[in-house]
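quick one, what's the 3D model for this:
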Amino acid sequence: MQKQIIAAAFLLAFSFSAFSQNDEFEQVNRNKLGFSVLPFVTGTFQVQYEYFGSSGNSIWFGPSATYVDSDYQNKFGLGLELQYRIYVYRKETEKHNKNIYFAPYAFYQYYDMKEEDYYYDDYTNDYAPAWRNEEFNVFGGGMLFGLQYVFADKIHLDFYAGGGLRKASKKNYYDYFLEPGYSGFAPKVGIDLGFSF
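Okay, the predicted model is just below:
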């Protein structure tokens, strides 16, 4: 856990130090608010705030909350993701602006999960239902590459893909690929929608 905290602190320090003055870049709208579209599939709502520095690069914060309450699963989670977006290409057209960036990222997630499972009962020679309870933390980080469209100078639509390493704090039942408790290398894709001001 200490290594993850040091890595996150290093990333944050690097992000702020890279916001050096650049006279060639003029950013009128330095702030962006929005939300991530794809996490809704897993019952997660993630808002985001992006701040553009004078260098043209940005820091992206994404707090999230997960809540699922169904007949076979109860899941609650909180998370925070940090990205440092380095914009390497910008093109303006009549209808929109197109930006390309890459972004190192780091994240932390907390989960409290309860899921119905079945075990084999030797007494009845049949499967019986049971509830599994797990509480754990997940740390991770990696690299993303993204394409951003800006419409009407304020509406942002981002598509990004990449991946990295994630590590759950303990081995648990929810360790299938891309499940909350999975540890290992994992892809990461996203669609963000927001507006700048």
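
tell me which stretches of this protein form strands.
For the chain, strands defined by DSSP state E occupy the ranges 31-36, 44-52, 58-69, 73-92, 96-121, 126-151, 155-168, 184-196.

including mean pLDDT and mean neighbour count, could these go into TSV?
Quick note: C-beta positions are derived from backbone N, CA and C, even for glycine. Below are the strands of the chain laid out as TSV (pLDDT from 0 to 100; neighbours: other CB atoms under 10 Å):
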stretch	mean pLDDT	mean neighbour count
strand 31-36	95	18
strand 44-52	96	18
strand 58-69	95	17
strand 73-92	94	17
strand 96-121	88	16
strand 126-151	88	15
strand 155-168	95	17
strand 184-196	93	15
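
distance of the spatially most central residue of the chain from residue 50?
By CA atoms, centre = their mean, the chain has its centre lying nearest to residue 81, at 5.1 Å. Per CB to CB, to the nearest Å, residue 81 is found 12 Å from residue 50.

can you pull the residues that touch both of these two?
In the contact map built from CB atoms under 8 Å, 6 or more residues apart in numbering, the residues linked to both residue 81 and residue 50 are 60, 61.

tell me the residue in this structure that is farthest from the middle.
The outermost residue of the chain relative to its centre, with distances by CA atoms, centre = their mean, is residue 123 at 45.7 Å.

wait, the residue nearest to the centre of the chain touches residue 61, no?
Yes: contact criterion CB atoms under 8 Å: residue 81 and residue 61 qualify, at 7.5 Å.

which residues touch the nearest residue to residue 50 once chain neighbours are set aside?
Counting by CB to CB, 6 or more residues apart in numbering, the nearest residue to residue 50 once its immediate chain neighbours are dropped is residue 32, at 4.0 Å. Taking CB under 8 Å, 6+ apart, we find residue 32 in contact with 48, 49, 50, 51, 52, 58, 156, 194, 195, 196, 197.

ok, now residue 86?
Counting by CB under 8 Å, 6+ apart, residue 86 makes contact with 18, 57, 101, 102, 103.

residue 87 too?
Contact partners of residue 87, counting by CB under 8 Å, 6+ apart, are 56, 57, 58, 99, 100, 101.

what's across from the closest residue to it other than its chain neighbours in the sheet?
Spatial nearest neighbour of residue 87, excluding adjacent residues (CB to CB, 6+ apart): residue 101 at 4.5 Å. Beta bridges link residue 101 to residue 87, residue 146 when assigned by DSSP bridges.
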